[in-house]
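Colleague: Next one to model:
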Amino acid sequence: MKIAKNLVFTFAVLSLISCNMNNKCNMLRGSGATFPYPLYHQIFLQFYQETNIKVEYAAIGSGAGINNLVKNRFDFAASDCYMDAKLTELADETVLHFPTFLSAVVISYNLPGNPQLNLSSELIAKIFLQEIEYWNDEHIRTLNPDIQLPEKRIIPVFRSDASGTSYIFSDYLCSTNALWASKVSKSQSLNHLPGKEAKGNGGVAHTIKNTPSSIGYLELKHATDQKMPIAKVRNKCGNFIYPDNNSISAAANLSHHFENSFLDTPAADGYPLSSFSWLVIRPEKLSMSQKFAFATLIEWMIGPGQIIAVELDYPKLPSRTKEHIRTLLDQLLGE
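Modeller: Numbering: from 1, shown residues only. I've put the predicted structure just below:
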C-alpha cells in the first residue's frame, strides 16, 4: 500500500502545476448508478475544489453505466452490482471494482397516515409478484397487528431502467425466497413485472409519493430526503430492523467479502438489504495520468470524503474495506 500513501497531497500539487501551465484541469468522466448520486455529487464537487481534478458524472443507472464502460465511452462506471462474469468477458481485460460507500435498498409505500410497517422477504416477494393483492391481506396483518390497513389494491412500483437498485432488491429476494427465485431470479431489470414503472431512484420516490396505495424499492438516502415512510424488514435472526447507519454498519462489519453485497446478514442488529456501491474501471483503457487522477479520487473518497459521507448521513466505510481499496490502488498503479 506504499503508492497510495500521500497520494492526495502529491497529485494535488502536480495537478495545480499542470492546471497553471496548461490553463486546464485534469478530468475524469463517469456514468452509472443513481443510488449513490446524492453522495457522489457533493464528493466530486469538494474534490475538485481541493485538487483541481474535475469529475463529470451522469447518473443514468448502473446498467447504462456499465454499458458505457464496456464500450469505452467513459473513464469509469458507478454500479450498485458487481460486474458479473459475462460483462467482465465483454470488457475483455482486467476490471477493478472499488467499493466506495455503504447504503441500503429500502421498501417505501403510500398509505393513509403512513404507519411503520413490518415486512419479511416472503411478504415482499408476494406483494411485488402480486400474489398478495390487497393491503388488508391476512399475511400483512399478521406482521402488523396494531395497524389499521385499508382494503385497497396494492400498486407495486419498479425501476424502468436497468439498475443496481433492482439488482440488490432481486438478489436479496432470490437468496431468501424460493418463490421469487423460481419466478424472477436476480436482475438489473424488473420492468417486465406488473405494476408502475419509474426511472431512477428519484423517479421511484416521486411515483410512490404521488400514487396512493403504492409500494416500491429505492435507495435509503432518496427515501429519507423525501421524508418517505420506510418499512422494517425481518432479518435472518428474526428481528425487524429499520435501515439506518447503525444497522447498515452492523451488516458490513460482519462481511469479509467485497465482490458482492452483504445481503441477508447474520448480524442480529443488521439490516438485510445493505450493500456496497462500486466505482468500476478498466485500467488498460486509462492513461497513466488518468490512473493517478482516479487513484487520487479514490484515496480522497476514503479519507476526507468520509466526512462528507457522515454529514450526508451515510455510514463510514469499515477499516477492512479501506485496506482492500488500497490494495486495489497499488494494483492499479503497478506496485
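Colleague: Show me the chain divided up by domain.
Modeller: As assigned by automatic domain parsing, the chain contains the domains 7-102+276-333, 104-274.
Colleague: Can you get me a residue count around the closest residue to Gln331 other than its chain neighbours?
Modeller: Leaving aside its chain neighbours, Gln331 sits nearest to Leu96 (7.0 Å; criterion: CB to CB, 6 or more residues apart in numbering). Every residue, glycine included, has its C-beta placed from N, CA and C. Leu96 is flanked by 18 other residues according to other CB atoms under 10 Å.
Colleague: One more: Ile127?
Modeller: 22.
Colleague: swap in Pro145?
Modeller: Neighbours of Pro145 (other CB under 10 Å): 7.
Colleague: can you check the one 3 residues further on too?
Modeller: Taking other CB under 10 Å as the neighbour definition, Gln148 ends up with a count of 12.
Colleague: would you list the domains of the chain in JSON lines and tack on mean pLDDT?
Modeller: JSON lines is the format used below for the domains of the chain (pLDDT from 0 to 100):
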{"stretch": "domain 7-102+276-333", "mean pLDDT": "85"}
{"stretch": "domain 104-274", "mean pLDDT": "92"}
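Colleague: Hmm, Thr265 and Ser275 touching each other?
Modeller: No. Counting by CB atoms under 8 Å, Ser275 sits too far from Thr265 to count as a contact (10.5 Å).
Colleague: what about these two, which has more around it?
Modeller: Higher neighbour count among Ser275 and Thr265: Ser275, with 31 against 25, using other CB under 10 Å.
Colleague: So that one: helix, strand or coil?
Modeller: Per DSSP: H, G, I helix; E, B strand; the rest coil, the local secondary structure of Ser275 is strand.
Colleague: ok, now which ones touch it?
Modeller: Contacts here follow CB atoms under 8 Å, 6 or more residues apart in numbering; on that basis Ser275 touches 80, 102-105, 168, 261-263.
Colleague: try Lys221
Modeller: Counting by CB under 8 Å, 6+ apart, Lys221 has contacts 38-39, 103, 312-314.
Colleague: Apply 7 Å and report the result again.
Modeller: Going by CB atoms under 7 Å, 6 or more residues apart in numbering, Lys221 touches 38, 103.
Colleague: Which of the helices or strands spans it?
Modeller: helix 220-225 (DSSP states H and E).
Colleague: just checking, next helix/strand downstream of that helix?
Modeller: strand 232-234.
Colleague: Quickly run through the sheet partners of the next helix or strand after that next one, with directions.
Modeller: Sequence-wise, the next helix or strand downstream of strand 232-234 (DSSP H and E) is strand 240-241. Here strand 240-241 has these sheet partners by DSSP bridges: strand 232-234 (antiparallel).
Colleague: so how far is the partner strand off the chain centroid?
Modeller: Centroid separation for strand 232-234 versus its chain: 19 Å, with CA atoms, centre = their mean, to the nearest Å.
Colleague: for stretch 321-335, same thing?
Modeller: Worked out by CA atoms, centre = their mean, stretch 321-335 lies 21 Å from the chain centre.
Colleague: Using CSV, write out the CA atom coordinates for it.
Modeller: Backbone C-alpha positions of stretch 321-335 (Å, rounded to 0.1, in the frame of the first residue of the first chain) are rendered in CSV as follows:
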residue,chain,number,x,y,z
THR,A,321,-12.8,-2.2,3.3
LYS,A,322,-10.3,0.7,3.2
GLU,A,323,-7.4,-1.8,3.3
HIS,A,324,-8.9,-3.7,0.4
ILE,A,325,-9.3,-0.5,-1.6
ARG,A,326,-5.6,0.5,-1.0
THR,A,327,-4.5,-3.0,-2.2
LEU,A,328,-6.5,-2.3,-5.4
LEU,A,329,-4.9,1.1,-5.7
ASP,A,330,-1.4,-0.4,-5.6
GLN,A,331,-2.5,-2.9,-8.2
LEU,A,332,-3.8,0.0,-10.4
LEU,A,333,-0.6,2.0,-10.1
GLY,A,334,1.7,-1.0,-10.6
GLU,A,335,3.4,-1.5,-7.2
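Colleague: Contacts made by the helix or strand where Ala251 lies with the rest, please.
Modeller: Assessed by DSSP H and E, Ala251 sits inside helix 245-253. For helix 245-253, the surrounding residues in contact (CB under 7 Å, 6+ apart) are 102-104, 241, 262, 265, 267, 269-271, 274, 313, 315, 318.
Colleague: Report the buried members of these.
Modeller: 102-104, 241, 262, 265, 267, 270-271, 274, 315, 318 (16 or more other CB atoms under 10 Å).
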